[in-house]
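Asks: Generate a structure from the sequence data that follows.
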Amino acid sequence: MLPKSSRRVAAVIKLANSIAREYEQEYVGTEHVLLAIQQEGTGVGAAVLSKRGISSAKLRAQIDRLIKKQLEETWVFGRLPGTPHFKDVVATAIEQCQELKAAEVCTEHLLLALLTVKGCVAYNALKAVGLSHADARDDVLELTSDDKAS
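Replies: As a prediction, the model looks like this:
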């Protein structure tokens, strides 16, 4: 049985859609999910980024550097489609949730997934700011050892 997603993950995905629109993009990519995790700010995923000193400005600078191509203006209504990497991240977040024996997919699972799907913008941005999967997983285990809500 697949775990359900937390309300916080739903908020992160909604924010990711909004961030994609800010970037005037017609898709939701891993970079938007990463920025949304940090912008939402209350989940374990955001706590790991904060603990590692990874600021919103630092992440945006890395993402902007990685996607600095000219953006086209688009008119999009409703939910934006996800990139193949985005879909891989969602599937990997479910796997991370199951490995950690959590009841629902939370922001920490999304963050760990972003550090697993090599080649995506978020993976490259996180590596550039010095966050590894092993360090993030250690932080997640520490931060969730007393409280499973995220």
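Asks: Check the offset of the helix or strand of the chain with the lowest mean pLDDT from the chain's centre.
Replies: The weakest-scoring helix or strand in the chain, judged by mean pLDDT, DSSP states H and E, is strand 4-5 (a mean of 75). Counting by Cα atoms, centre = their mean, to the nearest Å, strand 4-5 is centred 15 Å from the centre of its parent chain.
Asks: Which parts of this structure are strands?
Replies: Taking DSSP state E as the test, the strands found in the chain are 4-5, 104-105.
Asks: List the pairing partners of the last one within its sheet, with orientation.
Replies: The one in question is strand 104-105. If you go by DSSP bridges, strand 104-105 pairs up with strand 4-5 (parallel).
Asks: Show me what counts as buried in stretch 115-134.
Replies: Neighbour-count burial for stretch 115-134, counted by 16 or more other Cβ atoms under 10 Å, picks out 115-117, 120-126, 129, 131, 133. In short, each C-beta sits where N, CA and C put it, glycine included.
Asks: Now it - C-alpha only, CSV.
Replies: C-alpha atoms of stretch 115-134 as CSV (Å, rounded to 0.1, in the frame of the first residue of the first chain):
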residue,chain,number,x,y,z
LEU,A,115,19.3,14.4,-3.5
THR,A,116,18.8,11.0,-5.2
VAL,A,117,17.6,11.9,-8.7
LYS,A,118,20.9,12.7,-10.3
GLY,A,119,21.0,15.2,-13.2
CYS,A,120,18.0,17.3,-12.1
VAL,A,121,18.4,21.0,-11.4
ALA,A,122,17.6,20.6,-7.7
TYR,A,123,20.2,17.8,-7.3
ASN,A,124,22.9,20.0,-8.9
ALA,A,125,21.9,23.0,-6.9
LEU,A,126,22.0,21.0,-3.6
LYS,A,127,25.3,19.5,-4.5
ALA,A,128,26.7,23.0,-5.4
VAL,A,129,25.6,24.3,-1.9
GLY,A,130,27.3,21.4,-0.2
LEU,A,131,24.4,19.1,0.8
SER,A,132,24.8,15.4,0.4
HIS,A,133,22.1,12.7,0.7
ALA,A,134,24.0,11.1,3.6
